[in-house]
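Peer 1: Can you look at this prediction? I've put the sequence above it.
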Amino acid sequence: MLTELHMGLQSAIVLTPAKDRARVRLPEGETWARVALAFPYRLNEGDEVLVARQEESFIIGVLKGSGACVFETPGDIEFNAGGKLSMRAAERVEIRAPGVLLRAGKVQIIARSVVEKFGKALRRVAGLFKLRTGESRTIVEGAYRLNAQRIVDKAVDDVKINGSRIDLG
């Protein structure tokens, strides 16, 4: 024997979001609905959602939302792509971790502006380190030391050295 089931779909406004359910306002009143989304979205108050109603109410879609998709796991997450992996953000991309390791055959950074802030920094280059810049300014609050097998400095105009004592050898 077949039983006929009628399921209604309606849009609703989220009033009180919770982890796996939300209080929603439907045209005929308020009710609790279970979250049954196919993606890990965190509902926000005021989101417009699609609710499927039968004996129970289920939130099955987000029509207009302001929440975040949050992928959360107690273990590791791994992304593998046979081609390119792209990330885009309207504001910024932020990574927070006790440590970050980047391994690559080549790293390119293309930016209009770069700001780096470190407690300490160490950079080791096995081969040539080349810097090409319009201008360069180095301010050192403590001692400045340069050790090299050979130093060649060239200037088109004047060279100024200002110190209370200059030892040339």
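Peer 2: Done, it's in.
Peer 1: Might one say that Ala68 is in contact with Pro40?
Peer 2: No - the criterion here is Cβ atoms under 8 Å, and Ala68 misses it with Pro40 at 9.1 Å. All C-beta atoms are positioned from the backbone trio N, CA, C, and that covers glycine.
Peer 1: can you give me the strands for the protein?
Peer 2: 8-17, 21-26, 29-35, 48-53, 57-64 (DSSP state E).
Peer 1: quick one, what contacts Gly8?
Peer 2: Residues in contact with Gly8 (Cβ atoms under 8 Å, 6 or more residues apart in numbering) are Ala52, Arg53, Gln54.
Peer 1: Of the strands of the chain, which is nearest Arg92?
Peer 2: Closest to Arg92 of these is strand 57-64 (Cβ to Cβ; 23.3 Å).
Peer 1: got the contact list for the closest one?
Peer 2: With contact meaning Cβ under 8 Å, 6+ apart, strand 57-64 is reached by 9, 11-12, 22, 24, 31-37, 41, 43, 47-52.
Peer 1: now the residues you listed: which count as buried?
Peer 2: Neighbour-count burial (16 or more other Cβ atoms under 10 Å) is assigned, among the contacts of strand 57-64, to Ala12, Ala22, Val24, Thr31, Ala33, Val35, Tyr41, Leu43, Asp47, Val49, Val51, Ala52.
Peer 1: what's the closest of these to Glu116?
Peer 2: Nearest to Glu116 among the buried ones among the contacts of strand 57-64 is Tyr41, at 34.9 Å by Cβ to Cβ.
Peer 1: quick one: the closest one from Gln10, how far?
Peer 2: Tyr41 sits 19 Å away from Gln10, going by Cβ to Cβ, to the nearest Å.
Peer 1: now swap in Val93 and tell me
Peer 2: Applying Cβ to Cβ, the value for Val93 to Gln10 is 37 Å.
Peer 1: Okay, now the unreliable bits of this protein?
Peer 2: Across the chain, the ranges flagged by pLDDT under 70 are 1-7.
Peer 1: which one among the contacts of Gly8 gets closest to Glu141?
Peer 2: Ranked by distance to Glu141 (Cβ to Cβ), these are led by Ala52 at 64.6 Å.
Peer 1: Fine by me, thanks again.
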